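Make a model of this:
(one chain, ligands or ions: 1)
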Amino acid sequence: MAVKRLIKFTLVFTLAVILMGAYTRLSDAGLGCPDWPGCYGHLAVPSASHELAKVEQHFPDMTIEPEKAWLEMIHRYIAGTLGLMVLAILILCLKQPQAPKKLPSFIAALIIFQAALGMWTVTMKLMPIVVMAHLIGGFSLFALLLLLYLRLKPLRIPGGDSHARKLMPLALVCLGVLIIQIMLGGWTSSNYAALACTTLPICEGNWVDNLRFADAFSPFQGEHPSFEFGVLDYSTRMTIHVTHRIWAVVTAIMLIWLAMKLRYSHSHIMRNSGYLLLLLVIMQVGLGISNVVMNLPLGIAVSHNAGAAFLLLNLVFINYALWRKA
Ligand code: HEM
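Numbering: from 1, shown residues only. As a prediction, the model looks like this:
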């Protein structure tokens, strides 16, 4: 079926857009183009002398950084292509009588909202709540596309696997715990809190006395000309960072517990999903620790983002397989 192939390809493409978005954000190129949808009012990064003269006139306080501007524009163009692919999936699903209709319609609405979040990321000068919502939007799109693919592809999991079915509540709780951890990660990143705690296993100095939960998790942080590089003080950033680390322990314990239980499933798909979950958790914690030890190298930070996306995909699959009707 053409739609299944298209969804598979779109899933891979979505991962590329997510990683490109992470690369753009972590390279501090989010404001590489200060306007939207164009870049300094152009379809590509301006470079000709007459274009630069116009930029000087309309953006007198800005200096074009071509590398950052190109990163931002490439991200916008590939995200736009993804939007067209999602539209094609919706049209194909609407045409096929047996295909789901509500889920692809919701995915199409989500990608429109995601484009609006992309615009607000720029126009609201990297306001953390908008940046985090944009990250969550990308991850949600990835998860929902997998769900749509699974709905179209019959799975060969024995419906009567009573052992696996007992794990339904645990798998759902694990998904919730992981979503919270991903949101905390997005909050750490969008508030530039990665380097606010540089020792292991917990932060330096008297960190307990410096915890500021109310400020750390207040969604709005007042008016600022720009949120680039963060506006919070050290204690508040440290609180965000340490919360992400502590919740990582909860997440790891829960996910490993589920992975261990899946080992006894009668279905080899569920057993393999459990082994994959175990591997992904170990890798993700390793990448998180490397972020801290190595002072956030770009490659590790982007891989940590990819690790979170794969963990989400794996848990959505496990939940789908367990919760679907026998
Ligand atoms: C269970 C596992 C974990 C998950 C699912 C997870 C997820 C995430 C996500 C989604 C981000 C945002 C990435 C981005 O904006 O591109 C993030 C950021 C971060 N995580 Fe984790 N994380 C986990 C464990 C850890 C651990 C154990 C540590 C450290 C000991 C850690 C340290 C960090 C740091 C420092 C950042 C900020 C990176 C930045 O500014 O870009 N994470 N995490």
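
got the contact list for the closest residue to the ligand within the stretch 201-326 of the chain?
In the stretch 201-326 of the chain, the residue that lies nearest the ligand is residue 288 (2.3 Å; CB to the nearest ligand atom). All C-beta atoms are positioned from the backbone trio N, CA, C, and that covers glycine. Residue 288 makes contact with 245, 248, 304, according to CB atoms under 8 Å, 6 or more residues apart in numbering.

Next step: those residues restricted to helices.
245, 248, 304 (DSSP state H).

Quick one: residues contacting the first one.
The one in question is residue 245. Residues in contact with residue 245 (CB under 8 Å, 6+ apart) are 197, 201-202, 288.

Could you identify the most distant pair in those residues?
Using CB to CB, the pair of the contacts of residue 245 lying farthest apart is 202 and 288, separated by 13.5 Å.

circling back: could I have the buried ones of the contacts of residue 245 as PyMOL selection syntax?
The following PyMOL line selects those of the contacts of residue 245 that are buried, judged by 16 or more other CB atoms under 10 Å:
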select buried, resi 197+288
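
thinking again about what came up before, measure the residue of the stretch 201-326 of the chain closest to the ligand to residue 277 for me?
Applying CB to CB, to the nearest Å, the value for residue 288 to residue 277 is 16 Å.

hmm, back to that, now the contacts of residue 245 in TSV, with pLDDT?
Shown next, in TSV, are the contacts of residue 245 (pLDDT from 0 to 100):
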residue	pLDDT
197	90
201	88
202	87
288	96
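
Just the ones of the contacts of residue 245 in strands?
If you go by DSSP state E, the contacts of residue 245 have nothing in strands.

In a markdown table, list the contacts of residue 288 along with distance to the ligand and pLDDT.
Shown next, in a markdown table, are the contacts of residue 288 (distance: CB to the nearest ligand atom, whole Å; pLDDT from 0 to 100):
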| residue | distance to the ligand | pLDDT |
| --- | --- | --- |
| 245 | 5 | 96 |
| 248 | 4 | 97 |
| 304 | 5 | 97 |
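
In the stretch 1-150 of the chain, what residue comes closest to the ligand?
For the stretch 1-150 of the chain, the nearest residue to the ligand under the criterion CB to the nearest ligand atom is residue 22, separated by 4.0 Å.

all helices for the stretch 151-300 of the chain, in order.
Using DSSP state H, counting those that start in this stretch, the helices found in the stretch 151-300 of the chain span residues 162-165, 168-190, 213-216, 234-262, 268-293, 298-323.

Sort out which residues of the longest one are buried, please.
The neighbour-count criterion (16+ other CB under 10 Å) identifies 236-245, 247-248, 251-252, 254-256, 258-259, 261-262 as the buried residues of helix 234-262.

pLDDT score for residue 156?
pLDDT for residue 156: 62.

And residue 29, by the same measure?
At residue 29, the model reports a pLDDT of 84.

quick one: it and residue 68 touch, right?
Yes: Residue 29 is within contact range of residue 68, at 3.7 Å (criterion: CB atoms under 8 Å).

Kindly provide the distance from the residue nearest to residue 255 when sequence neighbours are not counted to residue 293.
Distances taken as CB to CB, 6 or more residues apart in numbering put residue 281 closest to residue 255, at 4.8 Å, once the chain neighbours are dropped. Plainly put, residue 281 is 18 Å away from residue 293 if you go by CB to CB.
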